[in-house]
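In: just need the structure, nothing else, for what follows:
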Amino acid sequence: MLRVCFTTEDLLHVTFADEPAPMVELTLAIAALQRPDPLFTLWRQRTLHALPRSARPLLELVPATAKGPLFLDPLSQGFDDGLDQVLSASTPFVRTELHRVHAVGRRPLPWTSLLADRDREAWQILEHAVRSAHAGVLARLWDRIRAGFDAERAWRVQLLAAQGIRATLAGLTPAGRWQGTTLEFDSTDNVEITLDGRGITLLPSVFWTGRPLVGRYAQSTFLVYPAVTPLPLLNDPTANALATLLGGTRAAILEQLTRPRTTTDLARQLDLAKSSVSEHTKTLRAAHLITAHRDGKTVWHSCTPLGLGLLTGTPSTTKS
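Out: Below you'll find the model as predicted:
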């Protein structure tokens, strides 16, 4: 059982991550390559076939459970920053995490054991593995990962507004439930996390389909949970159908608006003239798929529940 103990102060400090964390998604992708999940079978076969040899040491360090050493998946604003954090992790932290991973059955290998001693060659193997895995697994998928993350985050925010924080947290997985102020998830491990008033950050993943995972770094705690739409289903031809329905440009604009964006943002992102963006957003507003509000001279656009439902395939509960 995974138990997350909240106080009133913690519930006031529940936030969603602003964007996917590259290092977290990378370790979850490495775990997915080893997990016999039927949903990922085709992706796993193709990715393993194309995985560079230099990336394969990560398969020896990160298990299918994704419970690898925490120094491998820090929260970061980008890949380069995340890799810097990995390479600069403190020696005591590295040793503690390697000991934890090895203690639960991940057999230590010579090069992984040498990481704890700051062996230069071992750390070069790790750096090359992370860089190669990022290039071979994550980089080419990042636009899809980001789109899936944005859609998931927008949908959960809608649920939060409609149902409140307790229902939203319990609904992160089908088996989530509250016992008083403790949030419980079924798990093969018996773990209890006390937040101590610091709150928690919610981080959905398109690679993870298992039970929620909790990571703690210094003063921050985050909860990784499976996005409703995992990566293989993001390949579904829904986007093409949407383009057929709305037109390619309007479909692309709608996909961008899972988070608020300005007319200038849309023009820059989609390489369109502002006047063209304005015409398309006018049409989408008339169809009640997006809304707009003005802040000074700036107009911000975002999806309505109807527009979000069209993107995610989730029926809108908005009443006319």
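In: and residue 3, that's in a helix?
Out: No - remark: residue 3 does not belong to a helix; assigned using DSSP: H, G, I helix; E, B strand; the rest coil, it is strand.
In: tell me, how many residues neighbour it?
Out: The number of residues packed near residue 3 is 16, by other C-beta atoms under 10 Å. For glycine as for every other residue, the C-beta is placed from the backbone atoms N, C-alpha and C.
In: touching, it and residue 192? I think so.
Out: Yes - shown here, residue 3 and residue 192 form a contact pair, counting by C-beta atoms under 8 Å, at 4.4 Å.
In: check the secondary structure at the nearest residue to residue 222 once chain neighbours are set aside for me.
Out: Spatial nearest neighbour of residue 222, excluding adjacent residues (C-beta to C-beta, 6 or more residues apart in numbering): residue 201 at 4.2 Å. Under three-state DSSP, the three-state class of residue 201 is strand.
In: identify the residues contacting residue 117.
Out: Residue 117 makes no contacts at all, as judged by C-beta atoms under 8 Å, 6 or more residues apart in numbering.
In: look up phi and psi at it.
Out: Main-chain torsions, residue 117, degrees, to the nearest 10: phi -100, psi 10.
In: flag every buried residue along the host helix or strand of residue 41.
Out: Per DSSP states H and E: residue 41 is located in helix 41-50. The neighbour-count check on helix 41-50 (16 or more other C-beta atoms under 10 Å) flags 43-44, 47 as buried.
In: local confidence estimate at the residue lying farthest from the centre of the chain?
Out: Distance from the centre of the chain peaks at residue 275, with 33.8 Å (C-alpha atoms, centre = their mean). With respect to pLDDT, residue 275 has a value of 91.
In: for the one 3 residues further on, same thing?
Out: Predicted confidence (pLDDT) at residue 278: the value is 91.
In: how many neighbours does the residue lying closest to it once chain neighbours are set aside have?
Out: Residue nearest to residue 278 in three dimensions, not counting chain neighbours: residue 263, with 6.1 Å by C-beta to C-beta, 6+ apart. Residue 263 has 18 neighbouring residues, counting by other C-beta under 10 Å.
In: can you check residue 152 too?
Out: Neighbour tally, residue 152, other C-beta under 10 Å: 23.
In: by contact count, what packs against the host helix or strand of it?
Out: Using DSSP H and E, the element containing residue 152 is helix 142-163. Contacts defined by 3 or more C-beta pairs under 8 Å, 6 or more residues apart in numbering; DSSP states H and E place helix 142-163 against strand 14-16, helix 165-170, strand 200-205, helix 305-312.
In: now render those as JSON lines, adding mean neighbour count, mean pLDDT and distance to residue 293.
Out: Listed next are the helices and strands packed on helix 142-163 as JSON lines, based on neighbours: other C-beta atoms under 10 Å; pLDDT from 0 to 100; distance: least, C-beta to C-beta, whole Å:
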{"stretch": "strand 14-16", "mean neighbour count": "15", "mean pLDDT": "92", "distance to residue 293": "21"}
{"stretch": "helix 165-170", "mean neighbour count": "16", "mean pLDDT": "92", "distance to residue 293": "24"}
{"stretch": "strand 200-205", "mean neighbour count": "23", "mean pLDDT": "94", "distance to residue 293": "25"}
{"stretch": "helix 305-312", "mean neighbour count": "20", "mean pLDDT": "78", "distance to residue 293": "15"}
